[in-house]
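Participant: my questions concern the predicted model and sequence given below.
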Amino acid sequence: MVTWAQGCGYKGKRSPFNGEGKLPWKLEWVAKWMTWGITIEGAGMDHSTKGGSRDVSGRVLGQVFGKKAPYNVPYGFFLVGGAKMSSSKGIGSTAKEMAEFLSPEMLRYLMLATPPKRAINFDTNEAYMVKMYNDFDTMRQGAFDPEKHDMYQEMYFITEPKVKEYYFLPPFSLVKNLIQLPHINISQVTEQMKGSPLNDLEKSHLQSRIDSALYWLDHYAEDDDKFTIQQHYNPEILKNLTPENQMFLYLFRQMLDSVEWNEAALQQLVFDTSRLVPTLPKNSFNAVYQLFLGKDKGPQVGSLLYYLDKEFVHRLLNEVPLDPNTLIPQLVNSADDINSFLEKEGKNIVKITAENAVYGTENISTLTIINEKGQKMIRRFVASPESVRLLNKWYTK
């Protein structure tokens, strides 16, 4: 007995019947096998080693009762974030919590999609959750695709044994974002994506996916996974925006009406506008998140803007006080840097034009560069005799 345990000193007897006693678990295994006539029962890999608990219980069953031990299916650990579940260490979730979190078909998929002898390494981070649902949706779609039928059907129909028809659902990655946009009716969005009204099966599964996403946001999501739309421009964000960020927002709002209002076009506009600053696209994404979410990270920008009201997006962008006359002088490159860039990209460039303008006291030359893919890039430099002489060879050809 451990040294710190102290009893009350009472000694006595207690009946083991009527639920008042408990067998040592190796013998409890034997008792249940014998009582219920079990023929198949799996056990963890750690209990299934030679001479381990499974062997001991099997020998007791054979030698005491003359019965053959149930067929064993050894299985791996259920890991959470790479660690074994442990109630004493607070690692893992109860069965009740998992049932509240995941729908029955997702729980079955989680348990059955991994070969028995391999550990199930479950995690609640965004990347794992999105991949798990994407893999499930791929399997579900494949089960009803004649070309992929054999590969996916067996696994799918033990995951959802009562479902015999394909049903449409938006991906979990979209659902978890849409539930954070109060003005969005997810059922209507789903019907638009499907192109027709949802049937009862789709409504039921959509609600299950919404419930799981809400539970995930409330219990497991990191702060980076959550967001709240900023209703008005916050002047404080300018402290976090570089001149490149600000120029991007200025150009982005100028070009917004030049593209169709869909996710792909809006996402591409971020890349196209970034080349005109120039700045890295990741810096441009950061500027959008700062303005619309008040934070550095968020969902895919194209999707985020698409599901916001178009007039709202324009209004918020236009609220930001941005003056290109003060920004452009801060975005000039040295003539040597531009020359090196053109020498590196020279074989891919099909056209270069130059335009001079005065900003404040500086005469700045803007080079518009078109590559063979039709992509437009911008480089700026202070126009001096030396810089013009160095770069003149490029844009006079």
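Facilitator: Looks like it arrived, so ask away.
Participant: how far out from the middle of the chain is stretch 125-142?
Facilitator: Relative to its chain's centre, stretch 125-142 lies at 10 Å (C-alpha atoms, centre = their mean, to the nearest Å).
Participant: quick check: residue 215 touching residue 101?
Facilitator: Yes: counting by C-beta atoms under 8 Å, residue 215 touches residue 101, with 4.9 Å between them. In this view, the C-beta of every residue, glycine as well, is placed from N, C-alpha and C.
Participant: which of these two has more neighbours?
Facilitator: Between residue 215 and residue 101, residue 101 has the larger neighbour count (other C-beta atoms under 10 Å), namely 18 against 15.
Participant: which residues touch the more buried one?
Facilitator: Neighbouring residues of residue 101 by C-beta atoms under 8 Å, 6 or more residues apart in numbering: 93, 212, 215, 216, 219.
Participant: now, those residues that are in helices?
Facilitator: Mapping the contacts of residue 101 onto helices (DSSP state H) picks out 212, 215, 216, 219.
Participant: pLDDT and distance to residue 141 added to those residues, as a markdown table?
Facilitator: Output for the ones in helices among the contacts of residue 101, formatted as a markdown table (pLDDT from 0 to 100; distance: C-beta to C-beta, whole Å):
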| residue | pLDDT | distance to residue 141 |
| --- | --- | --- |
| 212 | 97 | 19 |
| 215 | 96 | 25 |
| 216 | 96 | 23 |
| 219 | 92 | 29 |
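Participant: could you redo those as JSON lines and give each row distance to residue 289?
Facilitator: JSON lines is the format used below for the ones in helices among the contacts of residue 101 (distance: C-beta to C-beta, whole Å):
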{"residue": "212", "distance to residue 289": "25"}
{"residue": "215", "distance to residue 289": "25"}
{"residue": "216", "distance to residue 289": "21"}
{"residue": "219", "distance to residue 289": "24"}
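Participant: show the buried residues in these.
Facilitator: Buried residues within those, defined by neighbour count using 16 or more other C-beta atoms under 10 Å: 212, 216.
Participant: which of the ones in helices among the contacts of residue 101 lies closest to residue 237?
Facilitator: Taking C-beta to C-beta as the measure, residue 237 lies nearest residue 216 of the ones in helices among the contacts of residue 101, at 28.4 Å.
Participant: so the closest one sits right up against residue 124, yeah?
Facilitator: Yes: between residue 216 and residue 124 there is a contact under C-beta under 8 Å: 6.8 Å.
Participant: counting neighbours, what do you get for residue 271?
Facilitator: 12.
Participant: again, but for residue 241
Facilitator: Close neighbours of residue 241, defined as other C-beta under 10 Å, add up to 19.
Participant: the chain should start at 787 in everything you say after this.
Facilitator: Got it, first residue is 787 now, which makes that one residue 1027.
Participant: check contacts around it.
Facilitator: By C-beta under 8 Å, 6+ apart, residue 1027 lies in contact with 1035, 1073, 1076.
Participant: quick check: pLDDT value at the first one.
Facilitator: What that stands for is residue 1035. Note on residue 1035: pLDDT of 97.
Participant: going along the chain, name the strands of this protein.
Facilitator: 829-830, 860-861, 864-866, 869-870, 906-908, 1135-1145, 1148-1157, 1162-1168 (DSSP state E).
Participant: so which of those comes closest to residue 1124?
Facilitator: It's strand 1162-1168; of the strands of the chain, that one is closest to residue 1124 (C-beta to C-beta) at 4.8 Å.
Participant: follow-up on the earlier one: need the strands of the chain in TSV with mean neighbour count, distance to residue 1013 and mean pLDDT, can you?
Facilitator: Shown next, in TSV, are these (neighbours: other C-beta atoms under 10 Å; distance: least, C-beta to C-beta, whole Å; pLDDT from 0 to 100):
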stretch	mean neighbour count	distance to residue 1013	mean pLDDT
strand 829-830	16	40	86
strand 860-861	18	39	84
strand 864-866	16	26	72
strand 869-870	12	29	64
strand 906-908	18	25	82
strand 1135-1145	13	36	90
strand 1148-1157	17	35	91
strand 1162-1168	19	31	93
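Participant: JSON lines for those strands, including distance to residue 839?
Facilitator: Listed next are the strands of the chain as JSON lines, based on distance: least, C-beta to C-beta, whole Å:
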{"stretch": "strand 829-830", "distance to residue 839": "7"}
{"stretch": "strand 860-861", "distance to residue 839": "12"}
{"stretch": "strand 864-866", "distance to residue 839": "18"}
{"stretch": "strand 869-870", "distance to residue 839": "17"}
{"stretch": "strand 906-908", "distance to residue 839": "21"}
{"stretch": "strand 1135-1145", "distance to residue 839": "71"}
{"stretch": "strand 1148-1157", "distance to residue 839": "67"}
{"stretch": "strand 1162-1168", "distance to residue 839": "67"}
